[in-house]
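**Student:** Fold the following for me, if possible:
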Amino acid sequence: MISIRRSAERGHFDFGWLDTYHTFSFGEYYDPRHMGFRTLRVINEDFVAPGAGFPTHGHRDMEIVTYVLEGGLSHRDSMGNGSTIRPGDVQRMSAGTGVRHSEFNGSEEERVHLLQIWILPSETGIKPGYEEKKFEDDEKRNRLRVVASPDGRDGSVMIHQDVEIYVALLEDGRAVSHELRPGRHAWLQVARGAVELNGREELEQGDGAAVSGEGQITITGRGPAEVLLFDLN
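**Tutor:** Numbering: from 1, shown residues only. Predicted coordinates for the structure are as follows:
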């Protein structure tokens, strides 16, 4: 079964400094029909204006993954980490027992376009942690590259949940496939461009799809496209 979450149906707020779209309920946006999918709790597509950002705030017991599509996002946290993540970088912050952080667009000219992803951890009260890795375009071109996993395999960042995150950059007409093991589920998020899912569903930028009971997922580019695939328990 494939259930489509269209981009235009998402929660949307434009605060001037932040233009944000919420796939699932978050902050001021609440829809009891869309509280997450399996352990995937948040997918926010954020556009942060030049010189703006999120002031220091706290989180607990959440795996937070940030994927930058455009620009550079400067990160600071209470664990002493500080860096600027750019397209191709994947950042994982485990909030655990509690962490405070800020995210800021240091450019005075270009916006930042990013996906912020929250995943419920397999256990609460873990020690907070931070990790970031860079994945070159060639690693993702017309293939699914694992960028996050519970064991950090193949150089991916390690998340504290039985979830794998893959990224693919697809050329027009090129396809990638992923086998879903029995009992597993998937969420496909289109970050840019347009794709066809399993030969029967057309998805565009911002669209998402929940997949259950399908043994295989095939994603075909309809023009250049960038997708994130979540393999979930």
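**Student:** so how many other residues sit close to Met158?
**Tutor:** Here the count is done by other Cβ atoms under 10 Å, and Met158 has 16 residues near it. The C-beta positions use only the backbone N, C-alpha and C, and glycine is treated the same way.
**Student:** Quick check: it touching Glu131?
**Tutor:** Yes. At 6.6 Å, Met158 and Glu131 qualify as touching, with contact defined as Cβ atoms under 8 Å.
**Student:** residue nearest the centroid of the protein?
**Tutor:** Against the mean C-alpha coordinate of the chain, by Cα atoms, centre = their mean, the closest residue is Ile117 at 4.4 Å.
**Student:** Find the nearest non-adjacent residue to it, please.
**Tutor:** Closest residue to Ile117 in three dimensions, ignoring its sequence neighbours and counting by Cβ to Cβ, 6 or more residues apart in numbering: Val65, at 4.2 Å.
**Student:** and that neighbour, what are its bridge partners?
**Tutor:** Partner residues in beta bridges with Val65, using DSSP bridges, are Arg92, Ile117.
**Student:** which residues sit in contact with Ala52?
**Tutor:** Ala52 makes contact with Trp17, Leu18, Phe104, Asn105, according to Cβ atoms under 8 Å, 6 or more residues apart in numbering.
**Student:** Just give me the neighbour total for the closest residue to the third one other than its chain neighbours.
**Tutor:** Same thing as Phe104. In space, Phe104 comes closest to Gly53 once its chain neighbours are excluded; the distance is 3.2 Å by Cβ to Cβ, 6+ apart. Gly53 is flanked by 17 other residues according to other Cβ under 10 Å.
**Student:** okay, and for this structure, where does confidence drop off?
**Tutor:** For the chain, no stretch is flagged by pLDDT under 70.
**Student:** ok, which stretches of it are helices?
**Tutor:** Residue ranges of the helices in the chain, as given by DSSP state H, are 137-140.
**Student:** which of the contacts of Ala52 are the two that sit furthest away from each other?
**Tutor:** Of all pairs drawn from the contacts of Ala52, the one with the largest separation by Cβ to Cβ is Leu18 and Phe104; the distance is 11.7 Å.
**Student:** returning to that earlier point: got the contact list for the residue nearest to Phe104?
**Tutor:** For Gly53, counting by Cβ under 8 Å, 6+ apart, the contacting residues are Trp17, Leu73, Ser74, Ser102, Glu103, Phe104, Asn105.
**Student:** For stretch 40-55, measure first residue to last.
**Tutor:** The first residue of stretch 40-55 is 24 Å away from its last residue (Cα to Cα, to the nearest Å).
**Student:** One more: stretch 121-139?
**Tutor:** End to end - Cα to Cα - stretch 121-139 spans 27 Å.
**Student:** Over to stretch 131-142?
**Tutor:** So stretch 131-142: terminal residues 26 Å apart, Cα to Cα.
**Student:** How far does it sit from its chain's centre?
**Tutor:** On the basis of Cα atoms, centre = their mean, to the nearest Å, stretch 131-142 sits 14 Å off its chain's mean C-alpha point.
**Student:** Identify the contacts common to Leu18 and Phe104.
**Tutor:** Residues touching both Leu18 and Phe104 comprise Ala52, Phe54, with contact defined as Cβ under 8 Å, 6+ apart.
**Student:** can I assume Glu63 is in contact with Met158?
**Tutor:** No. The pair Glu63 and Met158 does not pass the contact test of Cβ under 8 Å, sitting 9.7 Å apart.
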